[in-house]
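J.: build me a structure from this.
(one chain, ligands or ions: 1)
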Amino acid sequence: MVNIIGLGYIGLPTALMMAAHGVEVVGTDYNKELVATLKSGKTTFKEDGIDELFQKAIEAGIVFTTEYQVTDTYIVSVPTPYDKFSKKVDACYVVAAVKDVMKVCPKGATVVIESTVSPGTIDRFVRPVIEENGFVIGRDIHLVHAPERIIPGNMIYELLHNNRTIGADDPKIGQIIKKYYSSFCQGEIVITDIRTAEMTKVVENTFRAVNIAFANELAKICRHDNMDVYEIIRICNMHPRVNILQPGPGVGGHCISVDPWFLVGDYPSLAKVIDESMKTNDGMPDFVLNRIYEIMKKHGMTDIGRVGLYGLTYKENVDDMRESPTLQMIESMERHLCGNMVKIYDPFIKKDVVPSQMHDFDEFINSVDFIVILVGHDEIKENMEKLRGKVILDTRNICDIEGVHKL
Ligand code: SAJ
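T.: I've put the predicted structure just below:
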């Protein structure tokens, strides 16, 4: 039986996927409310295909609990935040989970860490916890790192089709764990050592962060001289070896906006391009804010209460707000004493999380003169005509109404 610890954005789909493919799974989370919701037959976040997968897993007998199980295989999938000052990974949740596993696990068990960690975290924080409990790693307890790679918005497809990495001290243990992942994963599964696996995961997200930063920097250069960055990127991307990503209002989510900082934190004198890239991405919400003030001035607008921000999530068609550029903009606006005046709306966020938040699309559109598109949800793409006659700033390049302002 596999005991999956942490039933969040990664742990839950992984648990469901394994259960739906014939693996006996118990999912454990310390959050009683979350476990109660799952037990009542409801999923805890929106994602294409997750409800169907949930039903299959229930039929296959998946169990949800707050208790750690006595078994031979644990998969730890808990958050790894970073310390905003030191920029280093904060392994507290991983350490806490492994400590709890140590209280119940029998000798011979394997602990798989799925959470993203910076290179060396398992050596520095996880191994000591196991050894402090009197276990010898490699004899009593086996360690594996199998970093997740799935993208929110397309998680179920990517769980099935992405290639995976398994880092193990002992390749034979790697092979045993590979079997669990092979139950559903149709991609290639590479076995390597733990430190390499740690590094690959962080490097993948850093590659994307640096490339988004490049697009964002191009947007700023083009704005400076009034050139069309999107047309420039489109033409450049027709070159067989050029593939520039899209500029945007900033980088959110719990991965690309966080993981590259681990490298900056651990290698401050070496990770220069990464450091600058992260600063460029983090500066985008303020760049958008300046664009808003500039455009208001151009249209002779003075009332920030007639400005509406569309989108609170970190990207389109997900309900995840972690590190969202919109929230960063609102924080900045609060410093300018106008954060409570601007109108805000997101179809995926039903609870009130910010001041002046609205919950009806038409009402929102009708209450503002200036709309800032911060997230390209399908809803706004399908209702673009309703924006006609408004001043529009489109930070996602999804609107072609005449006169629309771009980044
Ligand atoms: N973004 C841009 N321009 C782009 C692409 C993205 O501004 O051209 C922004 C998005 O709007 C969003 C942020 O970047 O705010 C990140 O979104 P994303 O869709 O690029 O990635 P995530 O954070 O949802 O998921 C990433 C993925 N990593 C890579 O593609 C290398 C995913 O495969 C990982 O599993 C995930 O991080 C993770 O959990 O680490």
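J.: where does the residue lying farthest from the centre of the chain land in three-state SS?
T.: Centroid-distance maximum for the chain: Gly300 at 38.2 Å, with CA atoms, centre = their mean. Put simply, Gly300 is coil when judged by DSSP: H, G, I helix; E, B strand; the rest coil.
J.: any idea how far it is from Val63?
T.: Separation of Gly300 from Val63 (CB to CB, to the nearest Å) stands at 62 Å. Backbone N, C-alpha and C define where each C-beta goes, glycine included.
J.: point out where this structure drops to low pLDDT.
T.: Applying pLDDT under 70 to the chain picks out residues 339.
J.: mind checking how far the biggest helix by length in it is from the chain centre?
T.: In the chain, taking DSSP state H as the definition, the longest helix is helix 194-224. Mean-position distance between helix 194-224 and its chain equals 14 Å (CA atoms, centre = their mean, to the nearest Å).
J.: buried residues in it?
T.: Residues of helix 194-224 classed as buried: 194, 197-202, 204-206, 208-219, 222-223 (neighbour count, 16 or more other CB atoms under 10 Å).
J.: list the contacts of the closest residue to the ligand within the stretch 1-150 of the chain.
T.: In the stretch 1-150 of the chain, the residue that lies nearest the ligand is Arg149 (4.5 Å; CB to the nearest ligand atom). Neighbouring residues of Arg149 by CB atoms under 8 Å, 6 or more residues apart in numbering: 158, 162-165, 201, 204.
J.: close to the ligand: what parts of the stretch 151-300 of the chain are there?
T.: Residues of the stretch 151-300 of the chain lying close to the ligand by CB under 6 Å from any ligand atom are 151-152, 204-205, 208, 212, 245-246, 248, 251-253, 255-256.
J.: can you give me the helices for the stretch 51-200 of the chain?
T.: Applying DSSP state H, counting those that start in this stretch to the stretch 51-200 of the chain gives helices spanning 92-104, 121, 127-132, 155-161, 171-182, 194-224.
J.: which one of those helices lies closest to Leu337?
T.: Checking the helices of the stretch 51-200 of the chain against Leu337 by CB to CB gives helix 194-224 as the closest, at 26.0 Å.
J.: before we move on, the earlier item: and the angle for the longest helix of the chain with helix 171-182?
T.: 50 degrees (axes from the mean of the first three to the mean of the last three CA atoms, to 10 degrees).
J.: circling back to that earlier point, between the helices of the stretch 51-200 of the chain, which one is nearest to Asn366?
T.: helix 194-224 (30.0 Å).
J.: flag every buried residue along the next helix or strand after the closest one.
T.: Next in sequence after helix 194-224, counting helices and strands by DSSP states H and E, comes helix 229-236. Neighbour counts over helix 229-236 (16+ other CB under 10 Å) mark 229-230, 233 as buried.
J.: of the residues you listed, just say which sits nearest to Gly376.
T.: Closest to Gly376, out of all of the buried residues of helix 229-236 and judged by CB to CB, is Tyr230, at 13.2 Å.
J.: need the three-state assignment for the spatially closest residue to the closest one that is not a sequence neighbour.
T.: Closest residue to Tyr230 apart from its sequence neighbours, by CB to CB, 6 or more residues apart in numbering: Asn397 at 5.2 Å. Put simply, Asn397 is coil when judged by three-state DSSP.
J.: surely Asn397 touches Gln246?
T.: Yes: using CB atoms under 8 Å, Asn397 is in contact with Gln246, at 6.8 Å.
J.: mutual contacts of those two, please.
T.: Contact with both Asn397 and Gln246 is made by residues Tyr230, according to CB under 8 Å, 6+ apart.
J.: out of those two, which sits in the more crowded spot?
T.: Just comparing Asn397 and Gln246: by other CB atoms under 10 Å the higher neighbour count belongs to Asn397, 19 against 16.
J.: return the distance of that one relative to Arg234.
T.: 10 Å.
J.: ok, Lys99 next?
T.: As judged by CB to CB, Lys99 and Arg234 stand 52 Å apart.
J.: then Val251?
T.: 21 Å.
J.: same check on Gly174?
T.: 43 Å.
J.: with Asp319 instead?
T.: Distance from Asp319 to Arg234, by CB to CB: 31 Å.
J.: repeat for Ile137
T.: Ile137 is 52 Å from Arg234, by CB to CB.
J.: same check on Met1?
T.: Met1 is 51 Å from Arg234, by CB to CB.
J.: Val368 too?
T.: 30 Å.
J.: and Val25, backbone torsions?
T.: Val25 has phi and psi values of phi -130, psi 130 when expressed as degrees, to the nearest 10.
J.: the residue lying closest to it once chain neighbours are set aside: how many residues sit nearby?
T.: Nearest residue to Val25 in three dimensions, chain neighbours excluded: Ala19, at 4.2 Å (CB to CB, 6+ apart). Ala19 has 27 neighbouring residues, counting by other CB under 10 Å.
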